[in-house]
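>>> dropping the sequence and predicted coords here.
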Amino acid sequence: MPRIDRTQKEYEQFLIREFLDHLGYKISNPEWKRESPDALLTLSKGKGKSKKRVGIEHTDYFNDTVAGQCSPLTPIADFWLLVQASLIRRVSHRKHLTGILADIYIKDNLSLPNESARPLAKELIDFVEAHRVGQSESLRFRCHDFNGYPMLESMLSRLRLSRWTDDAVHASRCCWVCANITSGYIRLNLNYIKSAIKNKNKKATGYNWDNANEKWLLIAASGGNLSNNAGRDMQNVNWADPELLDLCRNSLFDRIVFWERIRRWYKWLKPSEKVVQYKTRIRD
């Protein structure tokens, strides 16, 4: 369960740990750097296997900007992480709310101070408790329906509630999403991956890799919002793109990987390997 006060660096560490867990690695002697690179870790896999010291540089994937810049949707995505963390805590001990799907629409061009996250989550819970939704029912609310709920009235434009019987929904415990930053499948933007490799290649030459045996670059589509969700459509991706191959071949990184967290697949770009789809449960 995510902490409501988790920093961006802590979330970055969380992603690195989760990806390594998917690969079956155990971590020892971690050094979580502020930068340059983001982590120095000793990795091992299986009993009696040799250990190696790995330096890992992490970078986010976005499809609506260029490498080195954050998505315009990042502020609302960061704010929603705080709201969702508070929601998860509140829903986890209210079993009658399990199975509810909530699509929350935040007003455009709104200031989103972090201290508003908990009060907004509390009012969302209070509102849902007061407006029970039946099985296979869908209820829609607009701003004028939020009278008596000042946070909802000032921050939300719409709210849609549904209750499903899908096991996946029950397992998730809290399927309450910000509709401003969620969407369906998004095609992979290979140009961004190439620009990310170019950007990190330049920066990494000045990094202090200490005694690392290998240098890794992790390009992560963590799924925080629609602009870093790469989607499931991999059939039409030209992994043999000449520019991509040259960038990887000439990179100082020993290994480069692209990881799509939500759709559960990853692709080693250096050394080039086939796409791997895994079934490991994604953590909150």
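Now that the structure is in, tell me what you want to look at.

>>> buried stuff in stretch 186-205?
Within stretch 186-205, the residues that qualify as buried by neighbour count (16 or more other CB atoms under 10 Å) are 186, 188-190, 192-197, 200-201, 204. C-beta here means a position set from N, CA and C on the backbone, and glycine is covered the same way.

>>> closest one of the residues you listed to Ala85?
Nearest to Ala85 among the buried residues of stretch 186-205, counting by CB to CB, is Ile186 at 24.0 Å.

>>> find the nearest non-adjacent residue to the closest one, please.
Leaving aside its sequence neighbours, Ile186 sits nearest to Gly231 (CB to CB, 6 or more residues apart in numbering; 4.4 Å).

>>> what about the one you found, distance to Val237?
10 Å (CB to CB, to the nearest Å).

>>> spit out the residues that contact the two alike.
Leu188 (CB atoms under 8 Å, 6 or more residues apart in numbering).

>>> which helix of the protein spans the most residues?
helix 74-92 (DSSP state H).

>>> which elements pack onto whatever helix or strand comes next after it?
The first helix or strand that comes after helix 74-92 along the chain, using DSSP states H and E, is strand 100-106. Other helices and strands packing on strand 100-106, by 3 or more CB pairs under 8 Å, 6 or more residues apart in numbering; DSSP states H and E, are helix 117-130, strand 156-163, strand 175-178.

>>> how many degrees apart are strand 100-106 and strand 156-163 in direction?
170 degrees (axes from the mean of the first three to the mean of the last three CA atoms, to 10 degrees).

>>> sheet-wise, list the partners of the strand or helix carrying Leu217 with their directions.
Using DSSP H and E, Leu217 sits within strand 214-221. In the sheet, strand 214-221 lines up against strand 52-60 (parallel), strand 255-260 (parallel) (DSSP bridges).

>>> starting at the chain centroid, how far to the last one?
Chain-centre distance of strand 255-260: 14 Å, with CA atoms, centre = their mean, to the nearest Å.

>>> minimum pLDDT in the buried residues of stretch 186-205, which residue is that?
Confidence by pLDDT is poorest for Ile186 among those, given 71.

>>> is it correct that it is in contact with Gly223?
No. Judged on CB atoms under 8 Å, Ile186 makes no contact with Gly223 at a distance of 10.0 Å.

>>> checking the nearest residue to Ile262 once chain neighbours are set aside next. Helix, strand or coil?
Leaving aside its sequence neighbours, Ile262 sits nearest to Gly223 (CB to CB, 6+ apart; 3.4 Å). Here Gly223 is recorded as coil under DSSP: H, G, I helix; E, B strand; the rest coil.

>>> ok, Gly223 - contacts?
Asn229, Glu260, Arg261, Ile262.

>>> thinking again about what came up before, turn the buried residues of stretch 186-205 into a markdown table, columns for distance to Leu218 and secondary structure.
Listed next are the buried residues of stretch 186-205 as a markdown table, based on distance: CB to CB, whole Å; DSSP: H, G, I helix; E, B strand; the rest coil:
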| residue | distance to Leu218 | secondary structure |
| --- | --- | --- |
| Ile186 | 19 | coil |
| Leu188 | 16 | coil |
| Asn189 | 17 | coil |
| Leu190 | 17 | helix |
| Tyr192 | 15 | helix |
| Ile193 | 12 | helix |
| Lys194 | 16 | helix |
| Ser195 | 16 | helix |
| Ala196 | 10 | helix |
| Ile197 | 12 | helix |
| Lys200 | 10 | helix |
| Asn201 | 14 | helix |
| Ala204 | 12 | helix |
